[in-house]
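Trainee: have a look; sequence and predicted model below, questions after that.
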Amino acid sequence: AQKITQTQPGMFVQEKEAVTLDCTYDTSDPSYGLFWYKQPSSGEMIFLIYQGSYDQQNATEGRYSLNFQKARKSANLVISASQLGDSAMYFCAMSGGTASKLTFGTGTRLQVTL
Amino acid sequence: GAVVSQHPSWVICKSGTSVKIECRSLDFQATTMFWYRQFPKQSLMLMATSNEGSKATYEQGVEKDKFLINHASLTLSTLTVTSAHPEDSSFYICSARGQGVRTQYFGPGTRLTVL
């Protein structure tokens, strides 16, 4: 079974600062993928970044980077230069093995302040 | 690219009626589509996985006769909530995944309210 844990129900960050959202996972599959999605108040789920378990480099997409530490089974999302529009719910998720379905964490609500 | 639409975005219906929600992949072929349900301030709960041309696979505890899923083409899947009741009120969101791709792209969701 796969499990995703997000221990931060809520986070505050000042505009233009960087913030790290924590995510740990548990799986017995040797091959898996890790994802981060953003869900603003409108409800849509916006794909941010993906990291494969065999990827040697940490994934980056613009202001988003994924700090992948395989031995610690963590996949933290780093948002640099936070903007007011980054205020949203952020979900960490994983897929693994032959299963294509995603297992989601409970989410972290990020609030960017002036 | 990778745009998924969902229709309607919100619907209000009377108890006992059926409601159909459409999910379309607009710029790619979705070999697999997923249907989720989300309660307020909670995470997404997977209801079922559907592959084009075959029957959907439902998660444990999801009534297949109540939540009918059809994935008749590579760009369209539908979820029909049959004989809806107030406890079915929720946010339903679909996602789609292309062949050989791991990332799921989500639709904007449908807010269902059953009176």
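Mentor: Nice, thanks for sending it over. Predicted, not measured: the structure shown is a model, and the values here were computed from it. Numbering: from 1, shown residues only, chains lettered A, B, ... in the order given.
Trainee: every contact and neighbour count from this point should use C-alpha atoms.
Mentor: OK.
Trainee: just the pLDDT for A:Gly97.
Mentor: Reported pLDDT at A:Gly97 in the predicted model: 66.
Trainee: strands of the chain, start to end?
Mentor: Using chain A here. Using DSSP state E, the strands of chain A run over residues A:3-5, A:10-14, A:19-21, A:24-26, A:32-39, A:46-52, A:60-61, A:64-69, A:74-79, A:88-96, A:99-104, A:108-113.
Trainee: please go with chain B instead
Mentor: Here chain B has its strands, by DSSP E, at B:4-7, B:10-13, B:19-25, B:30-38, B:44-51, B:57-58, B:67-73, B:76-81, B:90-98, B:105-106, B:110-114.
Trainee: of those, which is nearest A:Val78?
Mentor: A:Val78 lies closest to strand B:105-106 among these, at 21.1 Å (CA to CA).
Trainee: is any residue of that closest one near chain A?
Mentor: Yes: Strand B:105-106 lies within reach of chain A by CA under 8 Å from any CA of the partner chain, at B:Tyr105, B:Phe106.
Trainee: nearest to A:Tyr50, of the strands of chain B?
Mentor: Going by CA to CA, the one of these nearest A:Tyr50 is strand B:105-106, 12.0 Å.
Trainee: returning to that earlier point: which of the strands of chain A is buried the deepest?
Mentor: Comparing the strands of chain A by mean neighbour count (mean count of other CA atoms under 10 Å in any protein chain shown), strand A:88-96 ranks first with a mean of 25.
Trainee: what residues does chain A put near chain B?
Mentor: A:33, A:35, A:43-47, A:50, A:91, A:95, A:100-101, A:104-107.
Trainee: residue 29 - how many residues pack around it?
Mentor: As the question left the chain open, I've gone with chain A. Neighbour count for A:Asp29, taken as other CA atoms under 10 Å in any protein chain shown: 13.
Trainee: switch to chain B, please.
Mentor: The number of residues packed near B:Gln29 is 18, by other CA under 10 Å.
Trainee: give the contact list for the residue nearest to B:Gly16 when sequence neighbours are not counted.
Mentor: Excluding its sequence neighbours, the residue lying closest to B:Gly16 (CA to CA, 6 or more residues apart in numbering or on different chains) is B:Ser83, at 4.1 Å. The contact partners of B:Ser83, taken as CA atoms under 8 Å, 6 or more residues apart in numbering or on different chains, are B:Ser15, B:Gly16, B:Thr17, B:Ser18, B:Lys66.
Trainee: 6 Å instead?
Mentor: B:Gly16, B:Thr17, B:Ser18 (CA atoms under 6 Å, 6 or more residues apart in numbering or on different chains).
Trainee: any stretches of the chain with poor pLDDT?
Mentor: No chain was given, so I picked chain A. Filtered on pLDDT under 70, chain A yields the residue ranges A:97-99.
Trainee: sorry, I should have been clearer: chain B.
Mentor: Scanning chain B for pLDDT under 70 picks out B:1.
Trainee: B:Ser83 versus A:Phe47, what's the distance?
Mentor: Separation of A:Phe47 from B:Ser83 (CA to CA, to the nearest Å) stands at 33 Å.
Trainee: revised request: answer the last question for A:Gln111.
Mentor: 39 Å.
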